[in-house]
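Undergrad: Take a look and give me a structure for this.
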Amino acid sequence: MNIDIALIRGDGIGPEISEATLEVLRALEQKFRLQLNIIEVEAGDRCLAKNGRALPEETVEIIRKSDVCLKAPVGKSAAEVIVKLRQMLNLYGNVRPTISMPYVNCLRDDIDFVIVRENTEGLYKGYEFDVEDGAAAIRVITKKASSRIAEYAFRMAESRNKMKKVIAVHKANVMKKTCGVFLRSCYDVAKKYSGVEFSDMLVDAAAMNLIRQPQTFDVILTTNMFGDILSDEAAQLTGGLGLAASGNIGDEMAIFEPVHGSAPDIVGKEKSNPLSMILSAKMMFEWLATRGSQVSEVSRSINESVKHVLASGKTTPDLGGSLSTEEMGKEIARQIFS
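TA: Below you'll find the model as predicted:
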């Protein structure tokens, strides 16, 4: 089976965690007789310094022609790279799972929810301008985008073997127009999914309840910036950003990436945890399976290998262990074959 994967190595620790992830991908190739065609493309701060553009047209075209894209974090040019790619490729769904893992110091051992975030509009649309003695930004929320992401969230709730529950997170008590459009759209979509329990919650209450009772959440449906903030909070419930994977998903294309940034303070120290990118690769294979590729077993293999290695206590320093980034990747790769 041939799969074309565009790879952005990114900035900071990006190349380090990319290499560790490639170790795992090479092991998967051998075990499952895959042909993974890794096509490296440039984007980010280094690309900007070299080419004068953080996201060259050539990179976008290669991503468009590939089956999927796997991306490491980029630096200060993130808004010029991933935010633009989300909008250019219509990757309207940002999916960020939060799951308790063995050995890891989690708030609870029964956390298993996913944040589904609208990914193309809101304040991240980038409409900012100067005003007298300050600046202003325009928050764009449309019924079309809100309904589309709500449909995605409800379908996900139906497919998960969990509570089949969607909670829409908003601030419609203050932002009556924009959050009002979002919330009304969610309620309209909910009418079509009688088998899914639906409710809504203010974003400040959601932030509190993620800490107070995270086990009660199943699918959190929210707008762009709220989802960005809540997903970082959620990551801390289950071991931190070093384990936080995500997917930017559209109807025809998807980009998978760690939630965290490029961490310039630890570059070259081999201390970064590559699991965020390895678990993003797991999500990548899950998505490819929905597109007809016979790779469901591949994603399960990654998941079980990660769990086994964590349960054995072999981790990077952020989780209390002593493995380097490279060693962690090789440990997961070895476990693939066991």
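Undergrad: Quick check: pLDDT value at N161.
TA: Here the pLDDT value assigned to N161 is 81.
Undergrad: need the contact list for it.
TA: Contact criterion C-beta atoms under 8 Å, 6 or more residues apart in numbering gives no residues in contact with N161. C-beta here means a position set from N, CA and C on the backbone, and glycine is covered the same way.
Undergrad: Could you pull up phi and psi at V140?
TA: phi -100, psi 120 (degrees, to the nearest 10).
Undergrad: if we look at the sheet, which residues does it bridge to?
TA: For V140, the beta-bridge partners are G122 (DSSP bridges).
Undergrad: what about the residue with the largest distance to the centre of the chain, distance to G126?
TA: Distance to the chain centre peaks in the chain at E132, reaching 37.6 Å (criterion: C-alpha atoms, centre = their mean). Note on E132: its distance to G126, by C-beta to C-beta, to the nearest Å, is 21 Å.
Undergrad: And for E252?
TA: From E252 across to G126, the span is 23 Å (C-beta to C-beta).
Undergrad: Equivalent analysis for L36, please.
TA: 34 Å.
Undergrad: can you give me the helices in this protein?
TA: Taking DSSP state H as the test, the helices found in the chain are 14-32, 45-51, 57-65, 78, 84-88, 143-159, 178-190, 203-212, 224-237, 275-290, 296-311, 325-336.
Undergrad: what's the neighbour count on T290?
TA: By other C-beta atoms under 10 Å, 11 other residues sit near T290.
Undergrad: go on, V83?
TA: Quick note: V83 (other C-beta under 10 Å) scores 18 neighbours.
Undergrad: Give the closest residue to it in space, chain neighbours not counted.
TA: Y124 (5.9 Å; C-beta to C-beta, 6 or more residues apart in numbering).
Undergrad: Check G313 too.
TA: Nearest to G313 is Y103, by C-beta to C-beta, 6+ apart, at 5.8 Å.
Undergrad: how about the one you found, what does it touch?
TA: The contact partners of Y103, taken as C-beta under 8 Å, 6+ apart, are L310, A311, S312, G313, T315, L319.
Undergrad: returning to that earlier point: my understanding was that the residue nearest to V83 contacts K84; is that so?
TA: No. If you go by C-beta atoms under 8 Å, Y124 and K84 don't touch, sitting 10.6 Å apart.
Undergrad: Please say which of the two ends up with more neighbours.
TA: Per other C-beta under 10 Å, whichever of Y124 and K84 has more neighbours is Y124, with 20 against 17.
Undergrad: Next, find the distance separating the more buried one from D228.
TA: Counting by C-beta to C-beta - Y124 and D228 are separated by 8 Å.
Undergrad: do F113 as well
TA: In terms of C-beta to C-beta, F113 sits 16 Å off from D228.
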